[in-house]
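In: everything below, folded, please.
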Amino acid sequence: MNYHALATDYDGTIATDGVVFPETLAALKKFRESGHRLILVTGRELPDLFSTFKHSEIFDRIIAENGAVLYDPSTKESRLLSSAPPESFLEELKRRDIAPISEGQVIVATWEPHQNEVLQVIREMGLGLQVIFNKGAVMVLPSGINKATGLNAALTELKLSPHNVVGVGDAENDHSFLEICGCSVAVANALPAVKDHCDLVMKTDHGAGVVELIEGLLQGSLNFSPFKSIPLGENENNLPVALDLLNEAVLICGTSGSGKSTLATSLLERVSAEGLQIVIFDPEGDYNSLEFLISLGSPERIPLVEEVIDILRNPERNLSLNLLGVALEHRPELFAEMLKRVLELRSRTGHPHLIVVDETHHLLPTDWKKEPHLFQRNGKGILYITVHPESVARSVLETVNSVLVVGENPEGKIQDFCSVIDRPVPPLPVLESKLPSGTALLYRREPEVLSLVRTEKPTVLRKRHSRKYPEGNLGPERSFYFRGPDDKLNLKAHNLILFVQLADGVDDETWLFHLHKQDYSAWLRRYIKNSDLALEVSQIELDKSLSPIESRLAIRRAIEANYTLPADQPSGRIDPQK
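Out: Residues are numbered from 1 along each chain as shown. Alright, predicted model coming up:
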């Protein structure tokens with residue numbers, strides 16, 4: 001279930017003429033006993049509520065006075081979310097014989113038709129107050145205070161996201177808190193304006209409508225998802241295409257440098273803009289520079305599971321887990337431990353809403369058998385990114401419904417995916433051997449769809465691998481080796497810092513041997529995954545007019561233009577005049 005809490009109004013919703021019937025109370029208790037949270041959102045003052053309703057302990061939080069007071073029934077402590085209007089305001093209302101008047105800890109309330117007089121006093125006194133209406137009641141509160149602000153304060157204390165909350169109400173003052181909930185519901189007796197703006201309307205009224213809602217939630221028959229589809233781009237017919245990214249598993253695959261990260265970043269920006277929480281398992285340190293993410297871990301520091309969970313408990317924090325400090329062979333084991341804890345958190349709270357697994361073939365290889373049924377139970381809301389779909393565990397790919405292919409050999413990637421899960425390959429259109437930049441082939445399994453999509457670009461281009469390639473350790477298989485024409489040398493550069501340092505020191509024969517073979521651009525393209533830099537370096541390699549010193553300097557400058565190298569690195573600067 002995506003919904004982990006129910007936020008409900010009192011009068012006209014769970015209560016009829018101020019009374020909550022036994023069957024409604026029983027349903028509320030059942031919902032909370034099933035492990036979910038209950039939040040009461042009412043315009044009543046606490047003493048008035050307690051004199052009428054004797055079961056406040058069934059709620060995890062009570063928001064009173066239309067959002068101005070937050071009460072914790074477990075500790076019996078209340079917290080004001082705003083200051084009260086000045087005493088002079090209340091005195092002026094009484095002087096004008098406005099009655100009856102109710103004064104809470106913050107709220108001041110009366111009844112129609114006194115609203116015009118109340119507004120006149122507010123204007124004359126120059127006060128930052130607002131008037132909220134509720135079925136004839138005229139409630140005065142500080143500007144900006146309403147049931148939504150109160151609910152947000154309660155959710156912050158409970159470490160819940162509003163996207164995982166169902167809200168139910170009936171009247172004008174419920175609009176604000178219903179709008180921020182993942183699913184908004186009106187009972188049958190709600191005002192027409194409330195019904196018109198809600199996602200669902202119950203068949204029954206008052207408490208019976210809330211019972212109907214709770215039964216639907218517990219039985220899984222509530223047919224509404226809290227998550228919107230995420231815009232992807234436009235298809236061949238210029239029609240918008242969206243991904244149900246948080247209600248299914250999605251795979252992005254393509255060759256190195258094909259635009260997988262650009263496409264993923266575009267989707268992540270849109271998910272973050274919706275206020276949804278993201279966690280990225282990032283084996284290569286590719287996502288450190290995205291502003292909406294907290295980055296944890298480095299080539300020198302391995303993230304701790306407990307600190308990961310502690311950060312993710314706050315649904316407003318997005319997290320990228322840099323696993324460069326973990327040896328390649330140990331990454332699947334650490335990933336499995338972290339993923340299990342993250343999924344446990346999501347089962348309790350509903351967030352993080354999107355889990356991203358970059359370099360999936362490293363973290364979930366074909367022989368991954370730690371918990372083969374883990375993804376069948378928890379496979380929604382996961383985005384996988386890989387170069388090699390055929391190298392990903394079958395138990396993972398079986399949960400994927402949408403595949404996005406970018407770059408070279410798009411038909412081959414679809415065939416690889418279908419081969420792993422023993423699914424017939426769909427009829428493929430005639431495609432170019434390499435898809436144009438900004439284009440993806442979308443394959444949906446259910447219902448089956450195959451189309452080309454012009455994808456939307458991210459608004460902020462990611463700075464490529466700002467620390468991974470300059471400072472990280474690429475490992476023996478991805479390092480550059482200065483060997484020379486007779487393999488006399490074996491100088492390993494496991495990152496760009498070492499590469500430029502070793503380039504300064506090797507003899508001209510060794511340098512030119514690799515230069516003329518275009519080994520430098522090939523390494524930058526294949527392992528550093530920077531096709532623009534590789535192209536620039538290949539042009540330097542082909543320029544026969546450059547001396548060894550000049551070509552060294554040109555390649556160094558090209559690298560430094562793409563990456564900020566540490567200021568304290570050994571310089572070894574080349575003097576072109578020598």
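In: give me the distance between the two termini of stretch 436-448.
Out: End-to-end span of stretch 436-448 (C-alpha to C-alpha, to the nearest Å): 23 Å.
In: any chance you could map the helices in the stretch 101-250 of the chain?
Out: Counting by DSSP state H, counting those that start in this stretch, the segments of the stretch 101-250 of the chain that form helices are 115-125, 147-158, 175-180, 192-196, 206-219.
In: going by mean pLDDT, which of those helices comes out lowest?
Out: Mean pLDDT across the helices of the stretch 101-250 of the chain is lowest at helix 115-125; the value there is a mean of 89.
In: which other helices and strands does that one contact?
Out: If contacts are counted by 3 or more C-beta pairs under 8 Å, 6 or more residues apart in numbering; DSSP states H and E, helix 115-125 sits against helix 87-95, strand 129-134, strand 137-142. Backbone N, C-alpha and C define where each C-beta goes, glycine included.
In: list the buried ones in it?
Out: Residues of helix 115-125 classed as buried: 115, 117-118, 121-122 (neighbour count, 16 or more other C-beta atoms under 10 Å).
In: please tell me how far the closest residue to residue 181 other than its chain neighbours sits from residue 241.
Out: Leaving aside its chain neighbours, residue 181 sits nearest to residue 167 (3.5 Å; criterion: C-beta to C-beta, 6 or more residues apart in numbering). Note on residue 167: its distance to residue 241, by C-beta to C-beta, to the nearest Å, is 30 Å.
In: ditto for residue 32
Out: Using C-beta to C-beta, residue 32 is found at 41 Å from residue 241.
In: domain map for the chain?
Out: For the chain, the structural domains run 1-80+145-226, 82-144, 230-455, 468-562, going by automatic domain parsing.
In: ok now the longest one, how far from the chain's centre?
Out: Taking the mean C-alpha point of domain 230-455 and that of its whole chain, the gap between them comes to 12 Å (C-alpha atoms, centre = their mean, to the nearest Å).
In: what about it, how long is it end to end?
Out: Across domain 230-455, first to last residue, C-alpha to C-alpha, it's 12 Å.
In: okay, and the helix or strand of the chain with the least pLDDT?
Out: helix 468-471 (a mean of 57; mean pLDDT, DSSP states H and E).
In: quick check: next helix or strand after that helix?
Out: Note on helix 468-471: by DSSP states H and E, the next helix or strand toward the C-terminus is strand 480-482.
In: residues in contact with that following strand: which ones?
Out: 489-493, 499, 502-503, 506, 510-511, 514, 519-520, 523, 527 (C-beta atoms under 8 Å, 6 or more residues apart in numbering).
In: pairing partners for it, with directions?
Out: strand 491-493 (antiparallel) (DSSP bridges).
In: avg pLDDT for the strand it pairs with?
Out: 91.
In: same thing with stretch 438-454?
Out: Mean predicted confidence for stretch 438-454 is 91.
In: measure residue 235 to residue 451 for me?
Out: Going from residue 235 to residue 451 by C-beta to C-beta gives 5 Å.
In: and for the two, which residues touch both?
Out: 241, 442.
In: which residues sit in contact with residue 144?
Out: Shown in contact with residue 144 (C-beta under 8 Å, 6+ apart): 82, 130.
In: same check on residue 32?
Out: 38, 58, 60.
In: export those residues as TSV, with columns for distance to residue 12.
Out: Formatted as TSV, the contacts of residue 32 follow (distance: C-beta to C-beta, whole Å):
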residue	distance to residue 12
38	18
58	19
60	22
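In: in strands, which of those appear?
Out: residue 38 (DSSP state E).
In: can you redo the contacts of residue 32 as JSON lines with neighbour count, distance to residue 430 and pLDDT?
Out: Formatted as JSON lines, the contacts of residue 32 follow (neighbours: other C-beta atoms under 10 Å; distance: C-beta to C-beta, whole Å; pLDDT from 0 to 100):
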{"residue": "38", "neighbour count": "19", "distance to residue 430": "57", "pLDDT": "98"}
{"residue": "58", "neighbour count": "16", "distance to residue 430": "63", "pLDDT": "97"}
{"residue": "60", "neighbour count": "19", "distance to residue 430": "58", "pLDDT": "98"}
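In: which stretches in the stretch 201-350 of the chain count as strands?
Out: All strands of the stretch 201-350 of the chain, identified by DSSP state E, counting those that start in this stretch, fall at 230-235, 240-243, 249-254, 278-282, 294-296, 319-322.
In: which one of those lies closest to residue 547?
Out: Closest approach to residue 547 among the strands of the stretch 201-350 of the chain (C-beta to C-beta): strand 249-254, 38.7 Å.
In: report the buried members of the contacts of strand 480-482.
Out: 489, 491, 493, 499, 502-503, 506, 510-511, 514, 519-520, 523, 527.
In: thought residue 331 was touching residue 325?
Out: No - if you go by C-beta atoms under 8 Å, residue 331 and residue 325 don't touch, sitting 10.1 Å apart.
In: most residues in a single helix of the chain, which one?
Out: The residue-count maximum for a helix in the chain (DSSP state H) belongs to helix 331-349.
In: using CSV, write out every CA atom in that one.
Out: Only the C-alpha atoms of helix 331-349 are listed here, as CSV (Å, rounded to 0.1, in the frame of the first residue of the first chain):
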residue,chain,number,x,y,z
ARG,A,331,29.6,-3.8,-3.8
PRO,A,332,26.8,-6.3,-4.4
GLU,A,333,27.0,-7.5,-0.7
LEU,A,334,27.0,-3.9,0.7
PHE,A,335,24.2,-2.9,-1.8
ALA,A,336,22.1,-5.8,-0.7
GLU,A,337,22.4,-4.9,3.0
MET,A,338,21.6,-1.2,2.3
LEU,A,339,18.7,-2.0,-0.1
LYS,A,340,17.0,-4.3,2.4
ARG,A,341,17.1,-1.5,5.0
VAL,A,342,15.8,1.1,2.6
LEU,A,343,13.0,-1.2,1.5
GLU,A,344,12.1,-1.8,5.2
LEU,A,345,11.9,2.0,5.7
ARG,A,346,9.7,2.3,2.6
SER,A,347,7.4,-0.4,3.8
ARG,A,348,6.8,1.5,7.1
THR,A,349,6.6,5.1,5.7
